[in-house]
Each structure stands twice: as C-alpha cells, then as structure tokens.
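# Predicted model and sequence follow; I will ask about them next.
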Amino acid sequence: MKRHQLVKMILLLCVIIPALVLAQGYTQDVGGTGNVNWSRHVIKCTGIGAPNPNLPMAAQRASALRVARQDALRNILETVKGIQLTSETTVENAMLVNDRITSRVQGALRGFRIVDTRYMSSGDVEVDVEIPLTGVVFDALLPKEFGGGVLLTGGQQLCPVCGQQWPDGKPVPATVKLIQTGGTEATDAADAIFTGLIVDARGLGVRPAMAPKIINENGEEVYGTQFVTRDYAVDIGMVGYEKDINRAASNERVTDRPIIIQAVKASGPNKSDLVINMADATKVQN
C-alpha cells in the first residue's frame, strides 16, 4: 500500500485509567474546590453565598446569589490552577510565569454557566456551575507550537526483523511474513486500517493532563503536540480519559476500529506522560 493511502491518526486517543470517583466517565477531584470530568472536558464547582442582613429582605436572596456566583468563580479558578498542564508543569505554574496567560484564563472562566441553584432555609444560596475546558480555556493554556510530526497508522507493512516499513516495490520472500501495523500479519491492508488509539494505563498511577505525551522506551514522542493540529486540540482536547475499556472503545474519538495498547509506565514529574514499549510504538508510528 502506498504511503499516501495510509490513514493519519490525529488526536484519536483515549487513555484508560482507574476512576477516582463513581461517575460517568473519568472524574478527578482537584484541590478540594471542584472536579474535572476528563471524559467530557468539563470543570464543575459549587459556590455558596450568604444573605446580607443589612439589606432589605426582598434583596437578600439576590445578594446571596451574587455572592454564590463570585464564590463559584473563585473555586473554578483554583480548580484550573491545580490541573496538570503537561507532565512537567501545572496550570498555576504556567500562570505565574506569564501574565498574559493569567488574564486570558481569568477572562475565559467568567463564561461559566449555572447548572443548578439551591435556596436553603437559612437564606444561603448554593450554585453548581460548569465550564468546558475545550474552546477558550484550552486556547489560553495549550502550547502555541504544535505540529511537525507525521503519525500514520493502519495499512503499513513492517519487516518482522527490524520493525521498519517494508520498502515500496521490494518483493517479499515467500518465507517472510510482514507485520501489519496494529499487530496483525499482513493480509488485506484495508482490513488493518485503525481509526484510533486506546492506551490502557490502569494501575500505573498516571495523572490526567491537558497536554500529555505518549513516548517510547527511548523517550521519543509517539503521540503529543507534534502530531496534533492546535485548532483540533483546542476544539476537543488532545486526549480523552475513560475508566472503562468498553466505554473507551465506543468513544467517538476512536470510532469503530481502535488499536489498544498497554502502557508500560507513567513518566515525568507529574506522572502524566505514558511510556509504551518499542514494539507497540512501531505499530503506531514509523
């Protein structure tokens, strides 16, 4: 099969890790102020407001609601700061070194929406608020430099000895069985085209991040910002996280023919990057 016929797998990645709480998808509590649903890329926080006793009774509920909204905004900001941006830095660290990032994040978070409001008998008001990471938040935080790598998957025929792509036009000896990317022997190339990548990281202590990497055992990037367009990463996120292999396999990121790979270990100071073995890296990328 010619190289131009191969399918480029861009941002069709789903990482499987144990869930910290029982919820749909993978939800991570962050800093005690809120949580991040990494399957939906949504932050959820609660704000609480008390009535101002110095105001007329008719105005106290409205004032409590305003205070609750302000409290929710503070909690969202603290939650965002606690998120891992990469395996080397948190969002808070990135904001500390770049005032422009700080102002953009603060502006983006003001776009939260209230999903539930509870009026207490004490006069207090509680609001649950959500804001998507995709869109303006990712645009404010993700690295500016993307691209430069080419990630190809499906339909590639590899030498069983060296693991490199078999040269176009070179005859295949009768005694040699080429390896098809995806871990199957080469038969019908069309049957071996994969539509996405699932990395099983259960039991490795990996921590979710906005911009993680998949690397091989030599530390070379197999999947990450080199292989993703920035617009796409901003729109839907670089990766999705799930707690269940079956849910991951049905995730729209990977559509109907994902390749599933077992990670070897979590890497980086924040344990957000994943290492896969060289054989699996060869299946995914040449």
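Structure's in. What do you need?

# pLDDT wise, what is the most centrally placed residue in the chain at?
When C-alpha atoms, centre = their mean is applied to the chain, the residue found nearest the centroid is residue 239 (3.0 Å). Reading off the confidence values, residue 239 has pLDDT 90.

# One more: the one 3 residues further on?
On pLDDT, residue 242 comes in at 89.

# do residue 176 as well
Looking at residue 176, the pLDDT reads 76.

# Burial check on the residue nearest to residue 136 when sequence neighbours are not counted, number of neighbours?
Distance criterion C-beta to C-beta, 6 or more residues apart in numbering; nearest residue to residue 136, sequence neighbours excluded, is residue 108 at 4.1 Å. C-beta here means a position set from N, CA and C on the backbone, and glycine is covered the same way. Neighbourhood size, residue 108 [other C-beta atoms under 10 Å]: 21.

# Please tell me I have it right and residue 108 contacts residue 134.
No - counting by C-beta atoms under 8 Å, residue 108 sits too far from residue 134 to count as a contact (11.0 Å).

# From what I see, residue 280 and residue 261 are in contact.
Yes - when contacts are counted by C-beta under 8 Å, residue 280 is listed as touching residue 261 (4.6 Å).

# for the nearest residue to residue 118 once chain neighbours are set aside, what are its contacts?
Counting by C-beta to C-beta, 6+ apart, residue 126 is the residue found nearest to residue 118 once chain neighbours are left out, at 4.4 Å. Going by C-beta atoms under 8 Å, 6 or more residues apart in numbering, residue 126 touches 46-49, 68, 117-118, 120.

# quick one: which of the residues you listed sit in strands?
The strands, defined by DSSP state E, take in 46-49, 117-118 from these.

# Please check those and keep the buried ones.
By neighbour count, with 16 or more other C-beta atoms under 10 Å, these hold 46-49 as buried.

# So, low pLDDT: which residues of this protein?
Within the chain, the segments meeting pLDDT under 70 span 1-13, 16-25, 148-165, 179-193, 285-286.

# any idea where the helices of it begin and end?
Under the criterion DSSP state H, the chain contains helices at 57-81, 91-97, 99-109, 136-141, 230-236, 245-249, 278-284.

# And the contacts of the fifth one?
If I follow you right, that is helix 230-236. In contact with helix 230-236 (C-beta under 8 Å, 6+ apart) are residues 10-11, 41, 134-135, 138-139, 142, 144, 146-147, 211, 225, 253.

# Among these, name the buried ones.
Buried residues within those, counting neighbours by 16+ other C-beta under 10 Å: 10-11, 41, 134, 138, 142, 146, 211, 225, 253.

# Return the closest of the residues you listed with respect to residue 171.
Closest approach between the buried ones among the contacts of helix 230-236 and residue 171, by C-beta to C-beta: residue 10, at 32.8 Å.

# thinking again about what came up before, mind putting the helices of the chain in TSV, distance to residue 130 included?
Formatted as TSV, those follow (distance: least, C-beta to C-beta, whole Å):
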stretch	distance to residue 130
helix 57-81	9
helix 91-97	18
helix 99-109	11
helix 136-141	12
helix 230-236	17
helix 245-249	21
helix 278-284	34
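
# Minimum distance to residue 216: which of the ones you listed has it?
Going by C-beta to C-beta, the one of those nearest residue 216 is helix 278-284, 3.8 Å.

# Buried residues, the closest one. List them.
Residues of helix 278-284 classed as buried: 280-284 (neighbour count, 16+ other C-beta under 10 Å).

# Would you mind putting the residues you listed into a markdown table with distance to residue 58 alongside?
Shown next, in a markdown table, are the buried residues of helix 278-284 (distance: C-beta to C-beta, whole Å):
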| residue | distance to residue 58 |
| --- | --- |
| 280 | 65 |
| 281 | 66 |
| 282 | 70 |
| 283 | 67 |
| 284 | 63 |
